[in-house]
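*Asks:* build the 3D model from these lines:
(chains A and B)
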Amino acid sequence: MKHYIESLLHSDDYQFLGLFVSDKTKEQGVFILRYLFYDIKNKKLNITEIDTRKEFPHIDIPALDWYEREIHDMFGLVPKGHPNLRPLMLFPENYPKDFHPLRKDANLNIEYRGYEEYRYENFEPEGSFKILVGPIHAGIIEPGHFRFTLNGEPILKLEIRHFYKHKGIEKLAEGKPVEFGLKLSERISGDHSLAHSLAFVKAVETIYGIDIPPKAVYVRAILLELERLTCNINDFAFIFQDVGYSFGAQKVFAIKEMLMRLNEALTGNRFNRGIIKVGGILKEIDLNIVKDGIKLLKKEYLKYKKLFLNSSTILERTDTTGKVSYETAKKYAALGYVAKASGLYFDTRKIMENKLYGPLIKEFSLKSGDVTARLKVRFNDIEESFDIIEEFISNIPEGNIYKEVDCKNPQHSYSFGFEEGQRGNIIHMLEIENGLISRWKIRDPSFHNWPIIQEAVLGDIIADFPLINKSLNLSYSGNDL
Amino acid sequence: MFNVIKTFLKEGIKTEDLSSYNEDNIAIYKKLPKTLKGSLNIRHIDCGSCNACEYELTALSNIFYDIERFGIRFVASPKHADALTITGPITRNMYKPLLDAMKNVPNPKVIIAIGDCAMDGGIFKGAYGIVGGLKDINIEPYILIKGCPPTPKDIINGILKGFEG
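*Replies:* Reported below is the predicted structural model:
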């Protein structure tokens, strides 16, 4: 089994999507590990299951490193032969060693006190020094710890330590109704409120075998593109800011603000929260506002794209900075724009839902893998989003936006919900028992892409780090859960 | 450069009047010291939020809201700050860094709680990974701005109202 999974991980025809574990000790006496791949050639999911009581095989590839450490923390299962089995999510300073919260029999009342010290990697070549950054950063961003080892100017090594924001969302939802899960899913990663709630709702709809009306499919897709647009424009503005070009930054931030106001005019919430429900969407929305607004913003956006690409001083900063090679992207199973900028292509909309999008999405990928490439992928995404919104608004089918659903008889024991957020593929695995959530695993693309930053900064100078970090722009909250 | 100046002249000033806001979303527990009026330096600390609050806090500096016109600035170090803004439920892993940062803020330490989670944990109440909200760790904020997330207008008006008491 181990060799089979290894061969899929190294194959170019398979995209590794995640490793999901459920505690089935009560029913079957085992834990079930599910390795999820997507077979790109035959266009279908490939799920490989391993049952275990205590140990499971360790596979030596960076893409699985965090997954295996996470499972060790959460379930107490041991990846046999893992060389670096330090705690990942549950900091040894704050949690006891034998605390495994996602086990069904876990005792969650633990005392808050110092337990053990965390062990950082031992890397001190002669003449090197360290710069420690975080967890609290200088800007208005989320907390995380970065340890740079330098020798002179270039960065020799970066070690990241995340999960400062670990709240225990997955455990919190256990035993709660689906409505609570939906509300919580909007608060996994705030800027991706809609994408996460859609992934969750899709998982619920698969479990109960619900088909939603075509109009709801279109409205959901339009709202999703609006969210993607907001995030991409926001990233674009931050890149302007981090190269020190504040005129461009402020102008593009203004576009982002107008997009958020467009959201508010549409659904009453700047993050489009509370509009999605199981079976469709909550209320009719007036799409004419979008049509006019989008045209104006597109014109505005194109001006600043031109400004960016015509400025040699800006491109001087972004070209060849933060390089991620194809091999690196592959071994970490990169997702989203990080993958697309390095020659690896996986887009949930194109590959899994091509019927809806068709030729509106092109298979766009670049090879150079630097900050400029990631921005160019975003430019392509932005323009596609504009096209998709315009096309969908003019072709929207008539009919209901909501279907009465009967959430009583689950048709599957578990299900996956997929969605393409702006950062990449989002997956929610869901198990429901007696109408209540019994296991919910959330996988944000940031979980795959965060470790890549450790390789992207190598050889660059520390002043480029903010720029590289922004060009990857990953979620801490969606990663830490 | 000429194009840049032309754009400024053509588009005019976009900064808005912020007098309309929702008063119910603002709770003031203590009056802000008068000496800080017109020059309030803020250090932001995210203790475990979903990052929507951060999204709105970054929006405060855009040209529509332009928070710096009221003399309110975000600074890089707690040592330079008069006030701390706190978002999110306080996670176990962020509790110690928060206390460390608070130690470094000179007195009077003005605490501004932003968002529904900051006070009592909000939707995350009961999760094993959180210590709780500010209420649970016995820190009384000067101002609480409610909302999930609060709008930029409410945040700015909340801070300004804090000076009036």
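*Asks:* what is the neighbour count of the residue of chain A found nearest chain B?
*Replies:* Using CB to the nearest CB, A:Gly190 is the residue of chain A that sits closest to chain B, at 2.7 Å. In this view, the C-beta of every residue, glycine as well, is placed from N, C-alpha and C. Look at A:Gly190: counted by other CB atoms under 10 Å in any protein chain shown, it has 26 neighbours.
*Asks:* ok, the nearest residue to it once chain neighbours are set aside - contacts?
*Replies:* Spatial nearest neighbour of A:Gly190, excluding adjacent residues (CB to CB, 6 or more residues apart in numbering or on different chains): B:Ala52 at 2.7 Å. B:Ala52 makes contact with A:Arg187, A:Gly190, A:Asp191, A:Ser193, A:Phe271, B:Gly115, B:Cys148, B:Pro149, according to CB atoms under 8 Å, 6 or more residues apart in numbering or on different chains.
*Asks:* distance of the residue lying closest to A:His82 once chain neighbours are set aside relative to A:Ser311?
*Replies:* Closest residue to A:His82 apart from its sequence neighbours, by CB to CB, 6+ apart: A:His58 at 4.5 Å. Relative to A:Ser311, A:His58 is positioned 48 Å away (CB to CB, to the nearest Å).
*Asks:* output the contacting helices and strands for the lowest-mean-pLDDT helix or strand in chain A.
*Replies:* Least confident helix or strand, chain A: helix A:354-357 with a mean of 80, by mean pLDDT, DSSP states H and E. Judged by 3 or more CB pairs under 8 Å, 6 or more residues apart in numbering or on different chains; DSSP states H and E, helix A:354-357 is in contact with helix A:348-352.
*Asks:* mind giving me the packing neighbours of the helix or strand where A:Phe37 lies?
*Replies:* Using DSSP states H and E, A:Phe37 sits within strand A:30-39. Judged by 3+ CB pairs under 8 Å, 6+ apart, the packing partners of strand A:30-39 are helix A:2-10, strand A:14-24, strand A:44-52.
*Asks:* now, of these, which is deepest in the fold?
*Replies:* Comparing these by mean neighbour count (mean count of other CB atoms under 10 Å in any protein chain shown), strand A:14-24 comes out on top with a mean of 22.
*Asks:* chain center to it, what's the gap?
*Replies:* 15 Å (CA atoms, centre = their mean, to the nearest Å).
*Asks:* does any part of it sit near chain B?
*Replies:* No. Residues of strand A:14-24 are not located near chain B by CB under 8 Å from any CB of the partner chain, the shortest gap being 15.5 Å.
*Asks:* where are the low-confidence patches of chain B?
*Replies:* Scanning chain B with the threshold set as pLDDT under 70 gives B:1, B:165.
*Asks:* which residues in chain A form strands?
*Replies:* With strands called from DSSP state E, chain A shows them at A:14-24, A:30-39, A:44-52, A:55-57, A:78-80, A:129-133, A:145-150, A:155-161, A:276-277, A:280-281, A:415-420, A:425-433, A:436-443.
*Asks:* okay if I get those strands as JSON lines plus mean pLDDT?
*Replies:* Listed next are those as JSON lines, based on pLDDT from 0 to 100:
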{"stretch": "strand A:14-24", "mean pLDDT": "91"}
{"stretch": "strand A:30-39", "mean pLDDT": "91"}
{"stretch": "strand A:44-52", "mean pLDDT": "90"}
{"stretch": "strand A:55-57", "mean pLDDT": "89"}
{"stretch": "strand A:78-80", "mean pLDDT": "90"}
{"stretch": "strand A:129-133", "mean pLDDT": "91"}
{"stretch": "strand A:145-150", "mean pLDDT": "92"}
{"stretch": "strand A:155-161", "mean pLDDT": "92"}
{"stretch": "strand A:276-277", "mean pLDDT": "89"}
{"stretch": "strand A:280-281", "mean pLDDT": "86"}
{"stretch": "strand A:415-420", "mean pLDDT": "91"}
{"stretch": "strand A:425-433", "mean pLDDT": "91"}
{"stretch": "strand A:436-443", "mean pLDDT": "91"}
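*Asks:* could these be laid out in CSV, adding distance to B:Gly129?
*Replies:* Supplementary listing: these in CSV, determined by distance: least, CB to CB, whole Å:
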stretch, distance to B:Gly129
strand A:14-24, 18
strand A:30-39, 21
strand A:44-52, 25
strand A:55-57, 25
strand A:78-80, 23
strand A:129-133, 23
strand A:145-150, 17
strand A:155-161, 16
strand A:276-277, 26
strand A:280-281, 32
strand A:415-420, 23
strand A:425-433, 19
strand A:436-443, 14
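*Asks:* wait, which of those strands is closest to B:Leu160?
*Replies:* Across the strands of chain A, B:Leu160 has its closest neighbour in strand A:129-133 (32.8 Å, CB to CB).
*Asks:* may I have the strands that pair with the closest one, each with its orientation?
*Replies:* Here strand A:129-133 is paired, per DSSP bridges, with strand A:145-150 (antiparallel).
*Asks:* now the strand it pairs with: buried residues?
*Replies:* By neighbour count on 16 or more other CB atoms under 10 Å in any protein chain shown, the buried set for strand A:145-150 is A:His145, A:Phe146, A:Arg147, A:Phe148, A:Thr149, A:Leu150.
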